[in-house]
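[1] Please work out how this folds:
(one chain, ligands or ions: 1)
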Amino acid sequence: MSLILSRRDIDFLLFDWLDVEQLLVAERYAAHDRATIDAVIDLAASLAEEQFAPFNKLSDQHEPKMLEDGRVKMPAETATALRHFCEAGLMAMSQPHDVGGMQLPFVVEKAAFAWFQAANAGTSGYALLTTAAANLLLEHGSPEQIDAYVRPMLAGRFFGTMCLSEPQAGSSLADVRTRAVRQGDGSFRLFGNKMWISGGEHDLAESIVHLVLARVEGAVPGVKGLSLFVVPRDLPGGDRNDVSLAGLNHKMGQRGTVNTLLNFGEGRHQPQGAAGAIGWLVGAEGQGLACMFTMMNEARVAVGTSAATLGYTGYLHALDYARGRPQGRVPGNKDPNSGQVPLTRHADVRRMLLAQKAYAEGALALNLYCARLVDVQRTSDGDVREEAALLLDMLTPIAKSWPSQWCLAANDLAIQVHGGYGYTRDYNVEQFYRDNRLNPIHEGTHGIQGIDLLGRKVAMQEGRALKIFGEKVGATCQLAREAGLGEDAQALDDAFVELEYTSFLLQAEPDAETRLANASIFLEAFGHVTLAWIWLEQVGAAAAKQGAFFDGKRAAARYFFAYELPKVEPMLALLISGDRTTLDLDPDIL
Ligand SMILES: Cc1cc2nc3c(=O)[nH]c(=O)nc-3n(C[C@H](O)[C@H](O)[C@H](O)COP(=O)(O)OP(=O)(O)OC[C@H]3O[C@@H](n4cnc5c(N)ncnc54)[C@H](O)[C@@H]3O)c2cc1C
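    Reported below is the predicted structural model:
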């Protein structure tokens, strides 16, 4: 049994539930069939098992080191694993043929990539950043930029980064200070400091392509004054650009992804005889954040998937351990001469395992559902396309945050199932927890996702996305009733009605600070309703199917409806009550 992911579950999600084969009738995907999809998933699973998983621990224990000359030393295994990944063409699974891609459905790419995220979260980060940067340039870059950067990125020769954060501008991108000075030849020179940049310096690729948010001199303050620039570490012709590594951040987890503080325009390198990092505008001036959102939205769902896969692999490790570890006897058996039972014989351990299964399989299913919405957009038009885009837009903060919260909780339970051994570095689960702890922080913190959902997403186009979601929930409940799951259908229906009511009530609050004070609670309640829907959907796809796998799906869904969905009601009640405990709290008394 693989301890990375379950191939059986991936097949169930892709084919039994999301009906990926139906996507293949679209012209864009016509070159593929079930066999090619199976082959890609097989390839990903075996490369993840053979090349990524074996050094996951090593890349945690031997984090990247900054050398005196400003270069970064990485473990050799990282380069080897990524070389195998790139040589297999996996950097460009869903991109069009004309830029060297396989033109697979996006959901297939995400399912295949999930194996690498689960096997070695830190190392998979380089590929995630590179494909997302390439996708941004494909959408907003000029044909010259596509030739210069996208093709080498998709071929695995250049890697990408996203450079938004600065020491004083984390959640608040309105405070980005990096300056871009216009040059006579259409290029710009950039000056500023970027903080937390993942993959910012290394020797894993020929060059690094930085996508940088900066402010053209004279631009208006705030996010409207931000523009996006492509800034290669190595300039055409071979000169080193003026991008210097100022230091590395030493992290709690995800240590395989080098995290850097980069100085742009420090003058350490002087391309064409002057200080300033040379960059070129991507998209229109002042549209930087909008362009960057192409990458951020993809990265947010990818972060959610990474969280889901860490929860998933942690669950499989805990299950494997619990099955093999004899400890104690069941209640009522006082005979010390009888043999010890495996941990799985204890109901409390089974509860912890089932919770992990419900969180991790549910989270992965949600993220693959979101990936499929991208395919719907790519293969349809009119209302269908528009509705898929709106639904994805609204679900993105949930797809990012719910797995980051609950699959971290799954990793916590995986440690608990291991008892004392789980707290040691001899086992893998403590690393999964540390790796996963990043996910509620980067790509927009949990709090920022709550504000995005409540402040923007549920309100956009007069609540149209919420309405679309409500119709989907209603349709699922109807099918569930017909399948004899009336009780669960009613519970979900009721929770959604209450959620919708709470959303309307909060929208009616004119004071933004009051409205958004408990946005995180709203996000969490919405997340649980969404996951209950995802579980009812999965049970629908498993209906009338026999065997342990399908029984396991039904048990996880049962757990979610019995133990988790009831948590929604008190959260919504708190929001409806208009409680002002935190709103009126004087921070000086804390
Ligand atoms: C390992 C790692 C990798 C990263 N990789 C990248 C990368 O590649 N590129 C990049 O650009 N950035 C990257 N980041 C930066 C990351 O996106 C930021 O850390 C994140 O946006 C939060 O910013 P901050 O750290 O300054 O925290 P702050 O913004 O100071 O937030 C601190 C706390 O305050 C809360 N808070 C802040 N503002 C508000 C508000 N208005 N309302 C309510 N609550 C608020 C937050 O939710 C959080 O809980 C990375 C970070 C880490 C740790």
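
[2] Domain ranges for the chain, per the record?
    16-159, 160-285, 445-585 (automatic domain parsing).

[3] Relative to the ligand, tell me which of those domains wins on proximity.
    Judged by CB to the nearest ligand atom, the one of the domains of the chain that comes nearest to the ligand is domain 160-285, at 1.8 Å. Glycine gets a C-beta too; all of them are placed from N, C-alpha and C.

[4] So that closest one, near the ligand or not?
    Yes - Domain 160-285 lies within reach of the ligand by CB under 6 Å from any ligand atom, at 162-165, 170-171, 196-198, 251, 254, 259.

[5] Quick check: the farthest pair among those?
    S171 and Q254 (19.5 Å; CB to CB).

[6] and the two? which has more neighbours close in?
    Each of S171 and Q254 has its neighbours counted (other CB atoms under 10 Å); Q254 has more, 26 against 12.

[7] which ones are touching the more buried one?
    If you count contacts by CB atoms under 8 Å, 6 or more residues apart in numbering, Q254 has them with 121-122, 125, 434-435, 438.

[8] got TSV for the residues you listed, with secondary structure, distance to L572 and neighbour count too?
    Converted to TSV, the contacts of Q254 look like this (DSSP: H, G, I helix; E, B strand; the rest coil; distance: CB to CB, whole Å; neighbours: other CB atoms under 10 Å):
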residue	secondary structure	distance to L572	neighbour count
A121	helix	33	31
G122	helix	38	27
G125	helix	36	22
R434	helix	33	18
D435	helix	32	29
L438	coil	29	25
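
[9] Of all the domains of the chain, which one is nearest T305?
    domain 16-159 (5.8 Å).

[10] Just give me the neighbour total for D239.
    Neighbours around D239, by other CB under 10 Å: 13.

[11] In space, what's closest to it - neighbours in sequence excluded?
    The shortest distance from D239 to any residue that is not its chain neighbour, by CB to CB, 6 or more residues apart in numbering, is 4.9 Å, and that residue is P271.

[12] check contacts around the one you found.
    Applying CB under 8 Å, 6+ apart, the residues contacting P271 are 235, 239-242, 277-278.

[13] got it, and A169?
    By CB under 8 Å, 6+ apart, the neighbours of A169 are 175-177.

[14] Try it again at 10 Å.
    175-178, 192, 194-195, 213 (CB atoms under 10 Å, 6 or more residues apart in numbering).

[15] ok, now L585?
    Counted by CB under 10 Å, 6+ apart, L585 has contacts A517.

[16] SS state for it?
    Here L585 is recorded as coil under DSSP: H, G, I helix; E, B strand; the rest coil.

[17] hang on, the earlier thing: what subset of the contacts of P271 is buried?
    Buried subset of the contacts of P271 (neighbour count, 16 or more other CB atoms under 10 Å): 235, 241-242, 277-278.

[18] Sitting in strands, which of those residues do you find?
    Assigned to strands by DSSP state E, the following of those qualify: 277-278.

[19] Mind putting the buried ones among the contacts of P271 into a markdown table with pLDDT?
    Listed next are these as a markdown table, based on pLDDT from 0 to 100:
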| residue | pLDDT |
| --- | --- |
| L235 | 96 |
| N241 | 98 |
| D242 | 98 |
| A277 | 98 |
| I278 | 98 |
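
[20] The ligand versus the nearest residue to F432 once chain neighbours are set aside, what's the distance?
    Leaving aside its chain neighbours, F432 sits nearest to G314 (4.3 Å; criterion: CB to CB, 6+ apart). From G314 across to the ligand, the span is 19 Å (CB to the nearest ligand atom, to the nearest Å).

[21] picking that back up, for G328, which of the domains of the chain is the nearest?
    Among these, if distance is taken as CB to CB, the winner is domain 445-585, at 23.3 Å.

[22] What is the end-to-end distance of that closest one?
    22 Å (CA to CA, to the nearest Å).

[23] from the chain's centre, how far out does it sit?
    Its chain's C-alpha centre and that of domain 445-585 lie 20 Å apart, by CA atoms, centre = their mean, to the nearest Å.

[24] coming back round to it: state the pair within the contacts of Q254 that is farthest apart.
    Most distant of those, by CB to CB, are G125 and R434, 14.4 Å apart.

[25] got the residues of the chain near the ligand?
    162-165, 170-171, 196-198, 251, 254, 259, 438, 441-443, 445, 447-448.

[26] Buried subset of those residues as a ChimeraX selection?
    To isolate the buried members of these in ChimeraX, using 16+ other CB under 10 Å:
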select :162,163,164,165,170,196,197,198,251,254,259,438,442,443,445,448
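
[27] Now, the residues of the chain next to the ligand that are in helices?
    447-448 (DSSP state H).

[28] just the helices in the stretch 301-450 of the chain please.
    Using DSSP state H, counting those that start in this stretch, the helices of the stretch 301-450 of the chain run over 347-379, 382-417, 429-436, 446-452.

[29] Would you tell me which of those gets closest to M93?
    Closest among the helices of the stretch 301-450 of the chain, using CB to CB: helix 347-379, at 11.4 Å.

[30] Give me the buried entries from the contacts of A169.
    176, 178, 192, 194-195, 213.

[31] pLDDT and distance to A134 added to these, as a markdown table?
    Output for the buried ones among the contacts of A169, formatted as a markdown table (pLDDT from 0 to 100; distance: CB to CB, whole Å):
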| residue | pLDDT | distance to A134 |
| --- | --- | --- |
| V176 | 98 | 23 |
| T178 | 98 | 22 |
| G192 | 98 | 24 |
| K194 | 98 | 20 |
| M195 | 98 | 24 |
| L213 | 98 | 18 |
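
[32] Switch these over to TSV, and while doing so, append distance to P342 to every line.
    Listed next are the buried ones among the contacts of A169 as TSV, based on distance: CB to CB, whole Å:
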residue	distance to P342
V176	54
T178	57
G192	57
K194	51
M195	48
L213	53
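
[33] Identify the residue spatially nearest to I415, adjacent ones excluded.
    Nearest to I415 is G422, by CB to CB, 6+ apart, at 3.7 Å.

[34] how many other residues sit next to that neighbour?
    Neighbour tally, G422, other CB under 10 Å: 23.

[35] who's in contact with it?
    314, 317-318, 321, 411-416, 428-430, 433.

[36] could you dump these to CSV with neighbour count, pLDDT and distance to V230?
    As requested, the contacts of G422 are exported to CSV (neighbours: other CB atoms under 10 Å; pLDDT from 0 to 100; distance: CB to CB, whole Å):
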residue, neighbour count, pLDDT, distance to V230
G314, 34, 98, 37
H317, 23, 98, 40
A318, 29, 98, 43
Y321, 22, 98, 47
N411, 31, 99, 36
D412, 19, 98, 40
L413, 25, 99, 43
A414, 32, 99, 41
I415, 21, 98, 42
Q416, 16, 98, 46
N428, 20, 98, 38
V429, 26, 98, 40
E430, 21, 98, 39
Y433, 23, 98, 36
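
[37] and which of these is nearest the ligand?
    Looking across those and measuring by CB to the nearest ligand atom, the closest to the ligand is Y433, at 15.0 Å.

[38] Report the separation between the closest residue to that closest one other than its chain neighbours and M1.
    Spatial nearest neighbour of Y433, excluding adjacent residues (CB to CB, 6+ apart): N411 at 4.1 Å. Noted for N411: a distance of 19 Å to M1, by CB to CB, to the nearest Å.
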